[in-house]
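> predicted coordinates and the sequence they were generated for:
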Amino acid sequence: MTSTLKDKIAKLPNEPGVYIMMDEQGKVLYIGKAKVLKNRVKQYFARSSVAHEKVRIMMNHVRDFRYIICASEMDALTLENNLIKEHKPPYNILLKDDKHFAYVRLTAYEDFPRIEIIRKVKKDRAKYFGPIGGSSREFTDLIKQSFPLVSCKHDFSKLPKNHRPCLNHHIGRCLAPCNGKITKEEYARIIARFTEFLKGDDSFVVKTLTEKMLEASQNEEYEKALNIKQQLEQLTMMREKRITNLTKLVDFDAFALFTDGQNTAVNVSCVRSGKVVVCENIPVNDASLSEPQAISSFLTQYYANNVLTVKEIAVNIVPEDCAVVEAVLSEIAGRKVSIAKPDKGVKKDVVNMAERNLKDYLEKSKNTLERKFLSTVGAVGQLKELLNMKNLPMRMECFDISNISGVDKVAAMAVFKGGERQNSQYRRFRIRTVEGADDFASMSEAVARRLQKIKDGNTEFGKQPDLIVVDGGLGQLHAAQREIEKSGLGIELISLAERNEEVYTLHDNKPVILPRESYALKLLINLRDETHRFAVDYFRKLHTKNALKSALQEIEGVGEVRQKILFKHFQTIERIEKATLEELEAIEGISKPTAQNIYKHFNLG
């Protein structure tokens, strides 16, 4: 530890707040909250007191920290959660979008309430039920069989009186209030039955599905009858999840956290009306110093993503500063929420069940979880060490060029963050300024356009990368280097040559040969291959489209608009060549004379 860091730690305040661990370049690695900032931060730097391997791995990269003093522990917990969402540090618990459980949203404030299955809950006047265990698609099919409620988004007050009901009405999945085929009172009775089902009373659904199954069987609709039979079996399985020895139909959530020092996971079990509707194990990255600290962060994040409908939360480990966590969750829920480690009764049974599931999961998936860490965040750290980089390359952007003989030149950019794909941030470029097949100039244009987005403050491509990787050798590397130097952004840069998987850096013209089995090299290869795939896919689409356009522009009556219509309908020139006259005439936007011209061009020309 440097003397500067020692002085900084010595001057830490004895107040609550949030601390932020950073690497050499100021990149955020971990964010935590503390009742007493001085005590907590000092623990991280006292290596002998750090028990968890993942904390030691993180501290190898920590070079500085900063802190924010807060008025209270509650403010610190709230600020910690907000900063984690903003910075997404690699060593914090980060619940991804796929960890939003599904809920039923009922627009109870409307005359004809409609239903939808959602994952992100809004603060609005709707009622929410859930979470839903298992497949949300299967659950949707089940409720639509029994409750033909509105699922469209039409404003009925603005529809004409002679409005024609949609397909859902004709197949028995909507009662068509849009056409006045059901009164508000009749619809309200169905809503009441639906609400009772969501609260645990499935007798009406069983009766309805049984009648439909028998009817389908009598009509020799055996596939339909089998489908309904499977839905009835699904209901039976839900019944079997009911917890025995209950004096009442309780609702509560249970959490169990377990770590082996390197791998950490949390089991989430949700009980609704005495049934376990969710029992899921969630692996998490975590560099907390203790389990109470980790469960505190997890609960805050979990309920920021999922609806808090229960009043009681059962845990196997009492969260650090439990009263503060309760206060934050009570504010989220708008009612008092209590957290406790039960020592008897049904809640204790559920927590024990969650813990058993969790330990079994960690034991059986230990190797998988370790490989996942080593191939993502671990690989990023290894890459930094092997290439002697200045900062941890958490966000990596890779560029590749694709063309045939200089025709339809394109570039693609793939993005990995923390060693994992960020598909939504991939981007593609049509090369505009380069004549012929000049890969170096094409690389310069693509990188320059990306860097200009950063300089303009345009965030549509995401944040500034820590590392740019280009597919190729020294030529591609130097082309990208010139653009980075012009931009003044100082982003680190390497290239990966495909033939021998050689890495070129700006330190030396000789390639760096990374160990063939290293996770760092595998990460670079995955990033390069993903970029290449994306570039080739874009090139093929563009090349096919341009070839189609070239073949069609000679035909009388086929201008740019009709070319687009034909391309959208047939996708390839081969399909247009094989199309019959009737098929061409049937396309909306293609007149009969034009269809005849197209047919003659390919068949009689």
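That came in fine, so what should we check first?
> could you export stretch 151-159 as CSV, CA atoms only?
Output in CSV follows, covering the C-alpha atoms of stretch 151-159 (Å, rounded to 0.1, in the frame of the first residue of the first chain):
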residue,chain,number,x,y,z
SER,A,151,-55.3,-8.0,-24.0
CYS,A,152,-55.2,-5.4,-26.8
LYS,A,153,-54.4,-1.7,-26.4
HIS,A,154,-57.4,-0.2,-28.2
ASP,A,155,-59.1,2.9,-26.6
PHE,A,156,-62.7,1.6,-26.9
SER,A,157,-64.2,5.1,-26.6
LYS,A,158,-62.5,6.1,-29.9
LEU,A,159,-63.6,3.0,-31.9
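> what does it contact?
111-112, 114-116, 144, 166, 168, 173-174, 177-178 (CB atoms under 8 Å, 6 or more residues apart in numbering). For the C-beta atoms, the positions are set from N, CA and C on the backbone; glycine is no exception.
> average pLDDT for the longest helix seen in the chain?
Secondary structure of the chain per DSSP state H: the longest helix is helix 519-552. Per-residue pLDDT over helix 519-552 has a mean of 80.
> distance from the chain centre to that helix, please.
23 Å (CA atoms, centre = their mean, to the nearest Å).
> give the next helix or strand downstream of it.
Downstream of helix 519-552, the first helix or strand assigned by DSSP states H and E is helix 560-570.
> helices or strands next to whatever helix or strand comes next after that following helix in the packing?
Using DSSP H and E, the helix or strand that follows helix 560-570 towards the C-terminus is helix 573-578. In terms of contacts (3 or more CB pairs under 8 Å, 6 or more residues apart in numbering; DSSP states H and E), helix 573-578 is packed against helix 519-552, helix 592-603.
> tell me the most buried of the ones you listed?
Burial of the helices and strands packed on helix 573-578 is given as mean neighbour count (mean count of other CB atoms under 10 Å); helix 519-552 ranks first at a mean of 18.
> what separates residue 262 from residue 281, distance-wise?
According to CB to CB, to the nearest Å, residue 262 stands 16 Å off from residue 281.
> who has more neighbours, the two?
A direct count of neighbours by other CB atoms under 10 Å for residue 262 and residue 281 places residue 281 higher, at 19 against 14.
> hang on, that one in a strand?
Yes - under DSSP: H, G, I helix; E, B strand; the rest coil, residue 281 sits within a strand.
> quick check: pLDDT value at the nearest residue to it once chain neighbours are set aside.
Nearest residue to residue 281, sequence neighbours excluded (CB to CB, 6 or more residues apart in numbering): residue 361, at 4.2 Å. pLDDT, residue 361: 88.
> buried residues in stretch 257-277?
Of all the residues in stretch 257-277, those buried under the rule 16 or more other CB atoms under 10 Å are 257-259, 263-277.
> ok, now stretch 505-516?
Within stretch 505-516, judged by 16+ other CB under 10 Å, the buried ones are 505, 511, 514.
> before we move on, what about stretch 554-566?
For stretch 554-566, the neighbour count (16+ other CB under 10 Å) marks 555, 558, 562-563, 566 as buried.
> rank those residues by pLDDT and give me only the lowest.
Out of those, that is residue 563, at 77.
> where's that one relative to residue 588, distance?
Distance, residue 563 to residue 588, using CB to CB: 15 Å.
> over to residue 347?
Taking CB to CB, one finds residue 347 at 62 Å from residue 588.
> same check on residue 161?
Using CB to CB, residue 161 is found at 28 Å from residue 588.
> with residue 437 instead?
From residue 437 across to residue 588, the span is 40 Å (CB to CB).
> compare the two (neighbour count), which wins?
Taking other CB under 10 Å, residue 437 and residue 588 do not tie; residue 437 has more neighbours (14 against 6).
> make sure the more buried one is indeed in a strand.
No - Residue 437: not assigned to a strand; according to three-state DSSP it is coil.
> residue 431 is in contact with that one, correct?
No - between residue 437 and residue 431 there is no contact under CB atoms under 8 Å: 10.5 Å.
> count of neighbours near residue 361?
So residue 361, with other CB under 10 Å, has 18 neighbours.
> the one 10 residues further on now?
A count of neighbours around residue 371, defined by other CB under 10 Å, yields 13.
> element containing it, please.
Using DSSP H and E, residue 371 sits in helix 345-375.
> how about that helix: buried residues?
346-347, 349-351, 353-355, 357-359, 361-362, 365, 369, 372-375.
> so which pair among the contacts of stretch 151-159 is furthest apart in space?
111 and 144 (20.5 Å; CB to CB).
> quick one: which of the two has more around it?
Neighbour count, other CB under 10 Å: between residue 111 and residue 144, residue 144 has more, with 17 against 11.
> which residues touch the more buried one?
Going by CB under 8 Å, 6+ apart, the list of residues near residue 144 reads 151, 173.
> so where's the chain shaky on pLDDT?
1, 47-51, 96-100, 133-136, 200, 234-249, 404-408, 542-551, 553, 604-605 (pLDDT under 70).
> tell me where the stretch 351-500 of the chain has helices.
Assigned by DSSP state H, counting those that start in this stretch, the helices in the stretch 351-500 of the chain fall at 377-386, 439-455, 474-487.
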